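Visitor: My questions are about this predicted structure, shown below with the sequence.
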Amino acid sequence: MYSFKNDYSEGAHPQILNTLVDTNLVQEEGYGEDRYSLEAAELLKKKMACSDVAVHFLTGGTQTNMTAIAAFLRPHEAAIAAHTGHINVHETGAIEATGHKVLAVSSGKDGKLTVAGIQAMLDAHPDEHMVKPKLVYISDTTENGAVYTKSELEALSSFCKSHQLYLYLDGARLGSALTSPVNDLEL
């Protein structure tokens, strides 16, 4: 049975544990400036074929989502997420604790957001007396185990661009999506 609960519910692979034991007493710089973090950042840039990006490591998914979403949104702006979305259900109000409302859209059994669902949320917030939807939050795979197709992601991206919305992809289960047999994307 597969569980999409989160990305830290199981132990580490034995090779990872062995590497941690082997490097446990090696003195390194802190705060992502150690050689392992710098090497990982370079590997990511190479894999993405994009050398002009900054890669920053944070300590966990909730902290990453909270930091990024709070930085992207102005005080009167909100995030749109599936009603099953991680920031709506599992992050104990962390996003709303930064002052940004999470607007939950019914997403059906698969947990995927659709253009129609996002449009309905925009229509429900038409004026300046309401919180302004500005960021669309998705995770791939979803909390229900569904994987977005390339065409679904392109449709969401196109819609968000045409409506000046940010499209935010939570990377917590991205490895699961990219290795899924139904996946049609590359990193």
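Guide: Here it is on my side, so go on.

Visitor: Correct me if wrong: residue 79 contacts residue 170.
Guide: No. Between residue 79 and residue 170 there is no contact under C-beta atoms under 8 Å: 10.8 Å. The way it works is simple: take the backbone N, C-alpha and C, and place the C-beta from them, glycine included.

Visitor: just checking, residue 48 touches residue 186?
Guide: No. Assessed by C-beta under 8 Å, residue 48 is found out of contact with residue 186, at 9.7 Å.

Visitor: Name the residues of the longest strand along the chain that are buried.
Guide: Longest among the strand segments of the chain by residue count, using DSSP state E, is strand 132-139. Buried residues in strand 132-139, defined by neighbour count with 16 or more other C-beta atoms under 10 Å: 133, 134, 135, 136, 137, 138, 139.

Visitor: Please report the distance of the first one from residue 77.
Guide: Distance, residue 133 to residue 77, by C-beta to C-beta, to the nearest Å: 7 Å.

Visitor: Tell me who's in contact with residue 78.
Guide: 100, 101, 102, 103, 125, 131, 132, 133, 134, 135 (C-beta atoms under 8 Å, 6 or more residues apart in numbering).

Visitor: Between those, which sits nearest residue 160?
Guide: For those, the residue nearest residue 160 by C-beta to C-beta is residue 135; the value is 8.9 Å.

Visitor: Could you list everything that closest one pairs with in the sheet?
Guide: Beta-bridge partners recorded for residue 135 (DSSP bridges): residue 79, residue 166.

Visitor: Many thanks, I have nothing further to ask.
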